[in-house]
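Undergrad: prediction below, plus the sequence it came from.
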Amino acid sequence: MAGIKYWLWLRTLRGINNRACLQLLAHFGEAERVYYADPEEYLQVEGLNSRQRESLLDKEMSRAEEIAERCAQLDIRMLTIADAAYPDRLRAIPDAPCLLYSKGTWPDFDSEAAVALIGTRKATPYGIRIGEQLGYELAKGGAYIVSGLAAGGDAAGHRGALLAGKRTAAVLGGGIDVVYPRENAALYEDIVRNGVLISEYPPGTRPEGHHFLERNRIISGLSVAVIVVEAALRSGTMNTVHHAAEQGRDVYAVPGPVDGPCSQGCNRLLQEGAGAVTRGWDVLSDLQLRFPERIEAALFELPPSIGSAAARRESPREETPAEQPEAFDKKEELAYIEIKNSKDRFTDDQIQILLTLSQQPMIVDDIAEAAQIPVRRVLSALTVLEIDQLVTKERGNRYTLHAVVEP
């Protein structure tokens, strides 16, 4: 990678941010041509201001050489947007990072069922437990967990993946040689050995607030889906969701207490149509058709280090046609609901959905049409009914009734 010095020069010039770098690459094609361009050619690049054009006249290479030497000492890999190993799904996002630094084992992200599992730094015990549980279930089932190595929810997802014996990727808000927060030092080392650390900042860069907001686009950009475990309405976690929506990624959220500050963001996302997640299979089932060679519908138990014994449960496996009738015939195992005596228990929307659903899978749009209820309200009602175990979510976002309902 002889030309890497030109990329380092370009990305370390004062005033040349990532967007300016993309504009220059769009015009010149490669960093080396930017370096050797005549000053008059910089005038032809749209979007550059006078200070940026002036900065491009500085051809000093000492900073670039210093970074390259530091990376060699620390075994840090540099990857440019022009490299074949650079993920296509990341290259396609707005403001794709021109240069990445990594340490560990770089995966083929484009072939991975990569899932961003994120949550607030101020995670509750519930959020930590669910984050670790989902990280474990998703990784065990074939997903590749991506997060930000922040305290709280992010770290929980990474730990779950590592407990499953799988690799995980952490996108940092500072240089790869800067461990932050310090409490995650052991986790940092575990990910180097069993995954990859990623940053768009050179070694030695201290974590700053705006860096974490900038790195969020990379977390979602490397992934095909984003799961929010806990989040306040205004938070860095919700900033990642904004990027995910802009990038066309699927968004899921874990339901939480309606009066819980750390669940307000999740509950708002569910109201707006995000997929509800109570177990890893809720997401894995949606990914299986896209990544059949990766996703497995396996039975497994959670390790003792996750949650309490009462909270452990098995991830569902796919039922064979021979198994399904047996499950449906066991009426004594299903809840019995007499609607006329349950109106204080359920909302009008929930009642209408209970009367509409059957034990044959239905997609949300069909439920909304049959029940004459807007999709947004259908999703909200289904989330509550699923938590109460009266409705089951199947593959492909299909729902079945898990109760005997009498009008």
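TA: Looks like it arrived, so ask away.

Undergrad: which stretches in the stretch 251-400 of the chain count as strands?
TA: Secondary structure of the stretch 251-400 of the chain (DSSP state E, counting those that start in this stretch): strands located at 275-276, 335-338, 362-363, 391-394, 398-401.

Undergrad: so what strands line up beside the first one?
TA: The reference is to strand 275-276. Neighbouring strands of strand 275-276 in its sheet, by DSSP bridges, are strand 250-253 (parallel).

Undergrad: so who does residue 406 touch?
TA: By C-beta atoms under 8 Å, 6 or more residues apart in numbering, the residues touching residue 406 are 336-339. The way it works is simple: take the backbone N, C-alpha and C, and place the C-beta from them, glycine included.

Undergrad: just to revisit the earlier point, mind checking which of the strands of the stretch 251-400 of the chain is nearest residue 371?
TA: When the strands of the stretch 251-400 of the chain are compared by C-beta to C-beta, strand 362-363 sits nearest residue 371, at 10.0 Å.

Undergrad: next one: the closest one to chain centre, how far?
TA: The chain centre lies 25 Å from the centre of strand 362-363; the measure is C-alpha atoms, centre = their mean, to the nearest Å.

Undergrad: and for stretch 185-203?
TA: Worked out by C-alpha atoms, centre = their mean, stretch 185-203 lies 17 Å from the chain centre.

Undergrad: what comes up buried for it?
TA: 187-188, 191-192, 194-203 (16 or more other C-beta atoms under 10 Å).

Undergrad: which residues in the stretch 151-300 of the chain form helices?
TA: 153-163, 185-193, 209-221, 236-247, 264-271, 281-287 (DSSP state H, counting those that start in this stretch).

Undergrad: right, and these - which one's nearest residue 26?
TA: Minimum separation from residue 26 across the helices of the stretch 151-300 of the chain (C-beta to C-beta) falls at helix 209-221, 18.3 Å.

Undergrad: so what touches that closest one?
TA: Contacts to helix 209-221, defined as C-beta under 8 Å, 6+ apart, come from residues 89-90, 93-97, 100, 116, 118, 146-148, 150, 171-174, 198-201, 205, 226, 236, 239-241, 243-244, 247, 249.

Undergrad: need the winner for burial among the helices of the stretch 151-300 of the chain.
TA: helix 153-163 (a mean of 27; mean count of other C-beta atoms under 10 Å).

Undergrad: elements contacting that helix?
TA: Counting contacts by 3 or more C-beta pairs under 8 Å, 6 or more residues apart in numbering; DSSP states H and E, helix 153-163 packs against strand 114-118, helix 125-140, strand 144-147, strand 168-171, helix 185-193, strand 195-199.

Undergrad: give the other helices and strands that the second one contacts.
TA: For helix 125-140, the contact count by 3+ C-beta pairs under 8 Å, 6+ apart identifies strand 114-118, strand 144-147, helix 153-163, helix 281-287 as packing neighbours.

Undergrad: in TSV: those, plus distance to residue 108 and mean pLDDT.
TA: Formatted as TSV, the helices and strands packed on helix 125-140 follow (distance: least, C-beta to C-beta, whole Å; pLDDT from 0 to 100):
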stretch	distance to residue 108	mean pLDDT
strand 114-118	10	98
strand 144-147	10	98
helix 153-163	17	96
helix 281-287	16	94
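
Undergrad: redo those as TSV? Include distance to residue 67.
TA: Below are the helices and strands packed on helix 125-140 laid out as TSV (distance: least, C-beta to C-beta, whole Å):
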stretch	distance to residue 67
strand 114-118	27
strand 144-147	25
helix 153-163	26
helix 281-287	37
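
Undergrad: of all these, which one comes closest to residue 367?
TA: Taking C-beta to C-beta, helix 281-287 is the member of these nearest to residue 367, at 16.9 Å.

Undergrad: poorly predicted segments of the protein, please.
TA: 1-2, 297-301, 307-334, 359, 395-396 (pLDDT under 70).
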